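> Just to be clear, the model below is a prediction. Sequence and coordinates:
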Amino acid sequence: MSIRKCKNGHYYDDSRYSKCPHCSAYSLDTFERFVEKRLKSYEPIDGEWKFDSLLGRGSYGAVYKIINTKNNEEAALKVIIVENNSSKSESESILDTTIELCINENEDRIRRIKNEIEYLYKISACKYFVHIYKNYEFYWDQGIDFMIQMELLTPVTDYFSQIKKTEKKLLLLGMDICKALIFLESKNIIHNDVNPNNMYHSNDGIYKLGDLGMTSSSADLAPGGTIPYLSPETLFSGSISSQTDIYSLGASLYILSGGDKSDLINRTASTILVKPPIIGEQFFEVILEACEWDKSKRIKNASVLLEKLEHLGDDKINNVEVLKQHDINQNKIKNRLKKKKKSVLYRLINWFLFTCLLALIPITIFLLFRECLNPTFPYENKKITETLYFGLTLSITTIKDLASSTLWRTFLDSQGYGKIIFSCSLFLSLATLILTAIFFGIMTANDMGILVDDVVNITILWKITEALAGINVIVGIVVQILLAGDDN
């Protein structure tokens with residue numbers, strides 16, 4: 001038994017209860033231990049995921065980093081805890097991990113959470129939102145743990161702390177978040193908690209909006225948000241509209257650009273915001289329009305704000321976008337080239353070894369059955385026959401690879417260089433195969449002494465042999481490179 005005192009002065013056994021049975025208040029450290037132990041009991045989640053570390057807590061849940069035990073892939077997992085018959089007020093909430101939706105019936109609370117998860121899937125279809133992979137529900141004796149698995153991204157606050165913050169980057173951020181809000185408006189959804197802590201940066205250079213746990217349908221509005229990003233009408237009257245998100249984005253850009261957060265917290269209609277030094281006058285004017293105190297003077301929707309930002313930074317953004325796309329393309333090209341180099345090298349080595357193996361078969365047979373041959377067999381080794389045989393083997397393996405590949409589609413469907421290269425490779429392989437076979441037969445007969453003397457000019461035949469062998473090698477290498485490119 002472990003007796004603990006809750007914040008309201010009641011004593012209870014924390015080994016039996018996660019919260020005070022008298023007033024539903026929590027002891028902070030006890031609750032943390034209780035939750036962590038319970039979450040660990042769910043491992044491995046979906047048979048392959050385990051908890052790694054706590055990334056942070058939000059007003060509607062805690063977010064953990066999870067790792068795939070099979071391939072070490074990383075993801076984020078948002079945990080939302082709903083307890084049975086919860087009746088505490090917001091001011092009584094200990095740890096933001098516990099949801100309070102101000103609904104008495106437990107089934108209604110669960111219905112609201114499931115609706116929120118549906119919103120998540122609907123919204124994550126847009127590339128400017130954090131992508132949702134899967135969700136889970138775990139039941140325990142005092143409630144349900146909802147878990148939402150999503151892509152692991154870098155919070156904007158962390159990203160900007162690691163790089164030099166510039167007006168260009170802030171413009172890109174504003175534009176991408178505007179695109180997310182435009183998508184929300186098209187679905188008649190209000191995010192209701194746009195702030196820097198809910199913005200993320202992806203590896204491909206896109207800024208994304210996340211933490212959608214407070215989204216509201218415009219037909220079912222409820223006040224929420226994070227000070228100092230709350231619009232005046234939301235803060236003082238609980239009124240919410242699409243302009244609420246516009247104000248929040250404007251306030252976010254102001255603070256991210258270096259504006260004083262206290263100016264927004266203590267703001268009144270007469271408060272004058274001071275321009276941060278890293279942004280220009282025009283950008284600052286757009287920010288002021290976005291977070292205008294008077295709703296009637298504020299930018300009406302995300303489309304208008306996006307247009308202003310694009311007009312403001314056409315040249316700057318185009319340059320940044322070109323550089324960003326160039327970096328992305330360069331990375332893709334580098335990865336593709338690395339893969340192709342490995343594939344080409346693998347194919348060339350495989351082709352050469354297979355050819356050598358094929359060439360060694362008759363030699364091995366000859367050595368095994370040499371004793372069966374007549375000792376007076378008039379065989380004279382001039383190295384020409386062996387070279388011809390090796391060239392013959394090269395031709396056979398090259399034609400085999402061409403015949404078994406999907407490059408026939410290139411011959412049938414493509415135009416230009418692809419078709420020409422394939423046709424030439426096939427023609428040269430067949431031609432050298434036929435010529436090499438003819439000269440191989442002639443040279444074999446000559447080695448056996450069954451031809452009339454001086455019929456074969458050894459010097460000329462040796463030059464022909466070298467030429468055929470060289471053509472076979474070149475054609476074989478070209479074909480292997482073509483096949484490697486076809487694989488990629």
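Thanks, I have the structure now.
> Show the subsequent helix or strand relative to the helix or strand hosting Ala431.
Using DSSP states H and E, Ala431 maps to helix 417-447. For helix 417-447, the following helix or strand on the C-terminal side (DSSP H and E) is helix 458-487.
> Please state the mean pLDDT value computed over that following helix.
For helix 458-487, mean pLDDT is 71.
> okay, the angle between it and helix 417-447?
150 degrees (axes from the mean of the first three to the mean of the last three CA atoms, to 10 degrees).
> Which secondary structure elements does helix 458-487 sit against?
Helix 458-487 sits against helix 314-368, helix 384-404, helix 417-447, with contacts defined as 3 or more CB pairs under 8 Å, 6 or more residues apart in numbering; DSSP states H and E. Glycine gets a C-beta too; all of them are placed from N, C-alpha and C.
> Packing partners of the last one?
Okay, so that is helix 417-447. Against helix 417-447 (3+ CB pairs under 8 Å, 6+ apart) you get helix 384-404, helix 408-413, helix 458-487.
> and the closest residue to Arg298 other than its chain neighbours, what does it touch?
Leaving aside its sequence neighbours, Arg298 sits nearest to Glu292 (CB to CB, 6 or more residues apart in numbering; 4.0 Å). In this structure, Glu292 makes contact with 247, 250, 298-299, judged by CB atoms under 8 Å, 6 or more residues apart in numbering.
> for Asn115, same thing?
Taking CB under 8 Å, 6+ apart as the test, Asn115 contacts no residue whatsoever.
> For it, give its distance to Ala180.
From Asn115 over to Ala180 the distance is 20 Å, taken as CB to CB, to the nearest Å.
> just to revisit the earlier point, looking at the contacts of Glu292, which are in helices?
The helices, defined by DSSP state H, take in 247, 250 from these.
> how about the contacts of Glu292 in JSON lines, adding pLDDT?
Output for the contacts of Glu292, formatted as JSON lines (pLDDT from 0 to 100):
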{"residue": "Tyr247", "pLDDT": "94"}
{"residue": "Gly250", "pLDDT": "94"}
{"residue": "Arg298", "pLDDT": "93"}
{"residue": "Ile299", "pLDDT": "94"}
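> With distance to Asn195 and neighbour count as added columns, please give the contacts of Glu292 in TSV.
Shown next, in TSV, are the contacts of Glu292 (distance: CB to CB, whole Å; neighbours: other CB atoms under 10 Å):
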residue	distance to Asn195	neighbour count
Tyr247	11	27
Gly250	11	25
Arg298	17	23
Ile299	18	22
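> Now the helix or strand where Glu137 lies: average pLDDT?
Here Glu137 sits within strand 132-140, counting by DSSP H and E. Computed over strand 132-140, the mean pLDDT rounds to 87.
> Stretch 393-404 now?
pLDDT averaged over stretch 393-404 gives 71.
> Can you list the low-confidence ranges for the stretch 101-250 of the chain?
Low-confidence segments of the stretch 101-250 of the chain (pLDDT under 70): 101-106, 211-226.
> And the strands in it, which stretches?
Secondary structure of the stretch 101-250 of the chain, counting by DSSP state E, counting those that start in this stretch: strands at 132-140, 143-150, 154-155, 189-190, 199-201, 207-209, 216-217.
> Listing partners with orientation, what would you give for the strand holding Glu137?
strand 143-150 (antiparallel) (DSSP bridges).
> And the partner strand, what's buried?
For strand 143-150, the neighbour count (16 or more other CB atoms under 10 Å) marks 143-150 as buried.
> who's Ile80 bridged to?
Bridge pairing for Ile80 - DSSP bridges - gives Phe146.
> Thought Ile148 was touching it, still the case?
Yes: Ile80 lies in contact with Ile148 (CB atoms under 8 Å); the separation is 7.4 Å.
> roughly how far apart are Thr234 and Asn198?
16 Å.
> Among the two, which residue is more densely surrounded?
The residue with more neighbours, out of Thr234 and Asn198, is Asn198; 24 against 21, by other CB atoms under 10 Å.
> His201 - nearest residue in space that isn't next to it in sequence?
Tyr159 (4.2 Å).
> was I right about the one you found contacting Asn203?
No: counting by CB under 8 Å, Tyr159 sits too far from Asn203 to count as a contact (10.9 Å).
> quick revisit: mind telling me which of the helices and strands packed on helix 458-487 the model trusts least?
The bottom spot among these, by mean pLDDT, belongs to helix 314-368, with a mean of 57.
> now Lys134: how far from Gly250?
34 Å.
> try Gly47
For Gly47 relative to Gly250 (CB to CB), the value is 45 Å.
> And Trp293, by the same measure?
11 Å.
> same thing with Ile434?
Ile434 is 77 Å from Gly250, by CB to CB.
> got it, and Leu173?
12 Å.
> One more: Ala445?
92 Å.
> can you check Val82 too?
Counting by CB to CB - Val82 and Gly250 are separated by 34 Å.
> Tell me which other helices or strands the helix or strand encompassing Ala62 touches.
Using DSSP H and E, the element containing Ala62 is strand 61-68. Under the contact criterion of 3+ CB pairs under 8 Å, 6+ apart, strand 61-68 touches strand 49-58, strand 74-83.
> Return the most buried member of those strands.
strand 74-83 (a mean of 21; mean count of other CB atoms under 10 Å).
> That one packs against which elements?
Checking 3+ CB pairs under 8 Å, 6+ apart, strand 74-83 ends up next to strand 49-58, strand 61-68, helix 106-123, strand 143-150.
> No more questions from me, cheers.
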